[in-house]
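Undergrad: structure, please.
(3 chains)
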Amino acid sequence: MIEIYSQKIDAYWFGIACDNHGIFASSFGVTQERVLTNISSYLPFNVPFQVFHEASAVAKNIIASLKSIYDGQEVSRNFPLVLTRFPAYTQKVLKATAQIPIGYLTTYGSIAKAVGGGPRAVGNIMATNPFAPIVPCHRVVKSDFGLGGYGGGLKVKIELLRKEKRGFLTPKKLEVGSNQLQVFPVEYTLRFLPCH
DNA sequence: TGCAAACCATAAC
DNA sequence: GTTATGGTTTGCA
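TA: Purely as a prediction, here's the structure:
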């Protein structure tokens, strides 16, 4: 049985769907309804689930981490994401995205270069990211460092990136699989925005 | 700048 | 099987 929990912390609702294997989906947003429908849309249709009013200790803990991520803080914990139900390519893209460190971002095209496939395919996977904000799809932008899109609205994407500013100056390369993923300081995108 | 065409994995039919 | 759909990219005027 998959259990869904949601909880409001400050201005946002955070929610997760999990069982004892791990996390099936996570989400955050302004309204509880939005978060819950979003999460349930990512669940396998043939698996029963139940929405709980009170979060368990484990769930509360994970939700607290989601809030920390939203606040732009470093969260050093291993989230047990259940990825196996997704196509192999989708898994590769999600894993690569998960490796982007705070303070950096990359482009749809860079991910495509690192894991194969094309930029549009990567964009599609970002658009349906079941693990926001654990898999930081807000750290993926266009090749010209324009914002691209964001499920929760571009305002939120900007908000997150601003909080993640760490003052890094130069791009660097990450090892993903047998290839490399180029990442850039978030300032590369923020500098184009008003009042950065 | 702006536009058109190429690109590519998925999901929906 | 086929088609439609993008959170893209690149090239060219």
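
Undergrad: what pairs with the worst-scoring helix or strand of chain A on mean pLDDT, parallel or antiparallel?
TA: Among the helices and strands of chain A, strand A:49-52 carries the lowest confidence by mean pLDDT, DSSP states H and E, at a mean of 87. Taking DSSP bridges as the criterion, strand A:49-52 sits next to strand A:2-9 (parallel) in its sheet.

Undergrad: beyond the strand it pairs with, next helix or strand please.
TA: Beyond strand A:2-9 on the C-terminal side, the first helix or strand identified by DSSP states H and E is strand A:12-19.

Undergrad: does the helix or strand just after that following strand come close to DNA strand B?
TA: Once strand A:12-19 ends, the next helix or strand along the chain (criterion: DSSP H and E) is strand A:22-29. No: Strand A:22-29 does not reach DNA strand B (CB under 7 Å from any atom of the strand); its nearest approach is 12.9 Å. C-beta here means a position set from N, CA and C on the backbone, and glycine is covered the same way.

Undergrad: just the CA trace of strand A:22-29, in CSV.
TA: Extracted as CSV, the C-alpha positions of strand A:22-29 are listed here (Å, rounded to 0.1, in the frame of the first residue of the first chain):
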residue,chain,number,x,y,z
GLY,A,22,10.9,4.1,-1.0
ILE,A,23,9.5,7.3,-2.5
PHE,A,24,7.2,7.0,-5.5
ALA,A,25,6.5,10.7,-6.0
SER,A,26,6.9,14.0,-4.4
SER,A,27,5.6,17.5,-5.0
PHE,A,28,5.2,20.9,-3.6
GLY,A,29,2.9,23.9,-4.4
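
Undergrad: in it, what counts as buried?
TA: Residues of strand A:22-29 classed as buried: A:Ile23, A:Phe24, A:Ala25, A:Ser26, A:Ser27, A:Phe28, A:Gly29 (neighbour count, 16 or more other CB atoms under 10 Å).

Undergrad: repeat that for stretch A:45-60.
TA: A:Phe49, A:Ala55, A:Ala59.

Undergrad: so what's A:Ala57 up against?
TA: By CB atoms under 8 Å, 6 or more residues apart in numbering, the contact set of A:Ala57 is empty.

Undergrad: same check, this time on the one 4 residues further on
TA: When contacts are counted by CB under 8 Å, 6+ apart, A:Asn61 touches no other residue.

Undergrad: and the residue in chain A that DNA strand B sits nearest to, how many neighbours?
TA: The nearest approach of chain A to DNA strand B comes at A:Gly118, 2.3 Å away (CB to the nearest atom of the strand). Neighbours of A:Gly118 under the rule other CB atoms under 10 Å: 12.
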